[in-house]
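S.K.: Following is a predicted model, sequence given first.
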Amino acid sequence: QVQLVESGGGSVQSGGSRRLSCVVSGITFSWYYMAWFRQAPVDDREGVAIIYKNGTASHVDCVKGRITASRDNAKNPFYLQMNNLKPEDKATYYCAAGNYNSIHRYHYNHWGQGTKVTVSS
C-alpha cells in the first residue's frame, strides 16, 4: 500500500521559516516524480515544486528563491524548505507521487493527507 505522510506544518510569523517532510512507503520513490502542492481554503490545489527522478527540482515562479524542494540521494524523506514566508503562503501543503513530468495535480495519483502551515503577519 502506498503511503505518503507529511509533517512539519505549524504556525510561523511572516518572514519566518518552516521545513516540511514527506515520508514515502510502498513505492520506490526514485522511480516517480515527487511534488509538493498547496491549497488555501478558497483556492484550487496548486503545484509548488516538482522533484525529478534524478533528484533535481524546479519550482513555480511565486516561490522561487524562498521555497526549495529537495531529496537526499533517493532516501526518505523528501523536503520542502520554506524561508521568508509570507501570509499568502498560508495553506495546507501536500506531497504527491506521480508518473508524469508535470506540476498539474491531475497527473498525481498518490497523495499525503496534508500538513497545515499558518503564516501570521
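M.R.: Cool, got the structure.

S.K.: so which strand or helix has the most centrally placed residue in the chain?
M.R.: Of all residues in the chain, the one closest to the mean position by CA atoms, centre = their mean is residue 36, 2.4 Å from it. Using DSSP states H and E, residue 36 maps to strand 33-39.

S.K.: What is that strand packed up against?
M.R.: Contacts defined by 3 or more CB pairs under 8 Å, 6 or more residues apart in numbering; DSSP states H and E place strand 33-39 against strand 18-25, strand 46-51, strand 67-72, strand 91-98. Glycine gets a C-beta too; all of them are placed from N, C-alpha and C.

S.K.: doesn't residue 29 make contact with residue 3?
M.R.: No: in this structure, residue 3 is not within contact of residue 29 by CB atoms under 8 Å, at 11.2 Å.

S.K.: Name the residue in these two with the higher neighbour count.
M.R.: Set residue 3 next to residue 29 and count neighbours by other CB atoms under 10 Å: residue 29 wins out with 25 against 13.

S.K.: quick one: contacts for that one?
M.R.: Residues near residue 29 by CB atoms under 8 Å, 6 or more residues apart in numbering: 71, 74, 76, 78, 97.

S.K.: Can you tell me the closest non-neighbouring residue to the residue nearest to the centre of the chain?
M.R.: Nearest residue to residue 36 in three dimensions, chain neighbours excluded: residue 48, at 4.4 Å (CB to CB, 6 or more residues apart in numbering).

S.K.: how many other residues sit next to that neighbour?
M.R.: The number of residues packed near residue 48 is 24, by other CB under 10 Å.

S.K.: pLDDT on the strand holding residue 36, on average?
M.R.: For strand 33-39, mean pLDDT rounds to 97.

S.K.: Tell me which residues are up against that strand.
M.R.: Strand 33-39 is contacted from outside by 20, 22, 24, 45-53, 69, 71, 78, 80, 89, 91-103, 105, 108, 114, 117, using CB under 8 Å, 6+ apart.

S.K.: Let's have the helices and strands packed on strand 33-39 in JSON lines, adding distance to residue 57 and mean pLDDT.
M.R.: Formatted as JSON lines, the helices and strands packed on strand 33-39 follow (distance: least, CB to CB, whole Å; pLDDT from 0 to 100):
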{"stretch": "strand 18-25", "distance to residue 57": "13", "mean pLDDT": "96"}
{"stretch": "strand 46-51", "distance to residue 57": "5", "mean pLDDT": "97"}
{"stretch": "strand 67-72", "distance to residue 57": "4", "mean pLDDT": "93"}
{"stretch": "strand 91-98", "distance to residue 57": "13", "mean pLDDT": "97"}
